[in-house]
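A.B. asks: Give the three-dimensional model of this entry:
(one chain, ligands or ions: 2)
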Amino acid sequence: MKIAVFGAGSIGCHLGGMLAEVADVTLVGRPAAMDVLRSRGLLLTGGGRAERRVAPAAVRLATGPQAAAGADYVLVTVKSAATAQAARELAGHLAPGAAVVSFQNGLRNPGLLREELPGRTVLAGMVPYNVVQAAPGVFHQGTAGVLMVDGGERSAPLAAAMAQAGLAVEPRDDMPEVQHAKLLMNLNNAINALSGLPLREQLGQRAYRACLALCQREALAAFRAANLAPARLSPVPPGLMPLVLRLPDRLFRRLAAATLRVDAQARSSMWEDLQRGRPTEIDTLQGEVTALATRHGMRAPVNARLAELVREAESRGTGGARRWGGAELLAELRAAADEGAAERG
Ligand SMILES: NC(=O)C1=CN([C@@H]2O[C@H](COP(=O)(O)OP(=O)(O)OC[C@H]3O[C@@H](n4cnc5c(N)ncnc54)[C@H](OP(=O)(O)O)[C@@H]3O)[C@@H](O)[C@H]2O)C=CC1
Ligand SMILES: CC(C)(CO)C(=O)C(=O)O
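C.D. replies: Ligands and ions are numbered 1, 2, ... in the order given. Model prediction:
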């Protein structure tokens with residue numbers, strides 16, 4: 001099986017590196033990133049597995065979309081803002097029977113790929129775990145979880161290859177609902193990025209969790225208005241999550257042991273973006289909630305304020321973001337919620 005990974009960053013290198021054991025993998029990425037991999041190969045750590053070294057010769061390394069020609073599967077792992085451009089670049093190079101699979105956060109990437117690649121098979125995927133590039137060429141999986149992908153005969157060979165490579169994967173027939181559930185989780189990316197803390201430390205503090213609960217409450221209200229039901233991906237149903245998040249630390253730790261089973265290095269992808277001075281995905285996470293609320297005559301002032309704070313952090317450049325303590329961030333978001341309520345009258 002030939003697999004091309006378009007967007008060789010944290011997720012792309014992790015998926016591609018794992019799959020290299022069972023498939024002919026091409027990683028397509030930026031020249032500087034590919035130079036690093038050409039000289040050192042990849043080292044995959046964490047995820048409860050033994051370290052896996054991928055020699056430079058075990059994967060093809062490329063910098064242009066023509067390298068995806070001939071692939072049976074093209075996994076798209078660029079950030080959401082780069083999806084349309086990625087699709088336009090790939091358009092002239094895909095093999096006739098190729099399937100394009102989005103392994104990205106946000107709600108719109110599979111749809112965007114379908115629009116830009118008419119007549120092509122586009123599947124939705126979901127990555128539940130976190131991967132950070134801990135050092136050049138070193139990709140660390142800090143949390144656990146089962147990958148999900150659109151089920152059916154088109155994805156079956158890919159799912160089988162993933163399983164063979166040691167990646168737990170579940171084919172689903174409800175990927176839009178899965179993506180909505182993942183969006184609820186990803187509302188924490190902004191909070192984690194602004195906290196400057198590893199996920200375990202941040203989610204261990206009630207004040208930060210209360211910030212996430214405020215975000216999720218607005219998102220759930222917007223989903224209800226739009227008749228969207230997020231899938232249940234954890235023992236706690238999505239609708240009860242804001243309640244659970246607000247529990248005292250000790251009780252939360254006991255109830256949400258799985259959520260906190262996160263190793264000490266794990267951080268959100270948005271933290272990594274701010275740290276490296278890259279634009280974040282805030283518009284496709286918090287921005288998605290505010291847009292959905294607006295479309296249904298509602299407001300989402302907490303998510304809107306968080307989006308402003310992240311944009312402010314982006315404008316400060318590499319690693320320059322202000323670090324928000326839990327209590328001060330919660331006060332800021334509560335003020336936004338109160339203002340929103342006052343404006344509604
Ligand atoms: N990291 C994580 O833990 C998780 C991430 N996700 C999601 O997965 C997706 C990928 O995230 P992540 O791996 O962190 O992102 P990264 O930024 O680490 O990786 C994307 C890579 O693709 C490169 N790229 C973008 N456009 C092109 C192009 N046209 N040609 C070649 N290379 C290109 C980027 O370069 P450049 O930066 O120069 O544009 C970057 O190196 C996102 O949607 C994210 O939300 C989901 C779950 C967990
Ligand atoms: C795995 C998770 C939820 C970690 O925050 C993520 O999706 C991300 O970092 O973008």
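
A.B. asks: Distance check, whatever residue of the stretch 51-200 of the chain ends up closest to ligand 2 against residue 107.
C.D. replies: Nearest residue of the stretch 51-200 of the chain to ligand 2 (CB to the nearest ligand atom) works out as residue 130 at 3.9 Å. In this view, the C-beta of every residue, glycine as well, is placed from N, C-alpha and C. Plainly put, residue 130 is 19 Å away from residue 107 if you go by CB to CB, to the nearest Å.

A.B. asks: between these two, who's got more neighbours?
C.D. replies: Comparing residue 130 with residue 107 by other CB atoms under 10 Å, the one with more neighbours is residue 130, at 28 against 19.

A.B. asks: Just give me the neighbour total for residue 43.
C.D. replies: Counted by other CB under 10 Å, the residues lying close to residue 43 total 18.

A.B. asks: Might you report the residue contacts of it?
C.D. replies: 51, 52, 53, 54, 137, 138, 139 (CB atoms under 8 Å, 6 or more residues apart in numbering).

A.B. asks: what about burial for these, which qualify?
C.D. replies: Buried by 16 or more other CB atoms under 10 Å: 52, 54, 137, 138, 139, out of these.

A.B. asks: wait, which of those residues is closest to residue 341?
C.D. replies: Closest to residue 341 out of the buried ones among the contacts of residue 43 is residue 139 (43.5 Å), distances taken as CB to CB.

A.B. asks: Which residues does the helix or strand hosting the closest one contact?
C.D. replies: Take DSSP states H and E as the rule and residue 139 turns out to sit in strand 138-141. With CB under 8 Å, 6+ apart as the contact definition, strand 138-141 has outside contacts at 10, 13-14, 17, 42-47, 129-134, 265-266.

A.B. asks: at 7 Å what do you get?
C.D. replies: 10, 13-14, 17, 42-47, 129-134, 265 (CB atoms under 7 Å, 6 or more residues apart in numbering).

A.B. asks: now stretch 142-160: how far from the chain's centre is it?
C.D. replies: Centroid separation for stretch 142-160 versus its chain: 15 Å, with CA atoms, centre = their mean, to the nearest Å.

A.B. asks: Going by neighbour count, list what's buried in it.
C.D. replies: By neighbour count, with 16+ other CB under 10 Å as the criterion, the buried positions of stretch 142-160 are 142-145, 147-151, 154-155, 158-159.

A.B. asks: Report the closest residue of the stretch 201-345 of the chain relative to ligand 1.
C.D. replies: Distance from ligand 1 to each residue of the stretch 201-345 of the chain (CB to the nearest ligand atom) is smallest for residue 269, at 3.5 Å.

A.B. asks: need the contact list for that residue.
C.D. replies: Here residue 269 is in contact with 10, 189 (criterion: CB under 7 Å, 6+ apart).

A.B. asks: That'll do, ta.
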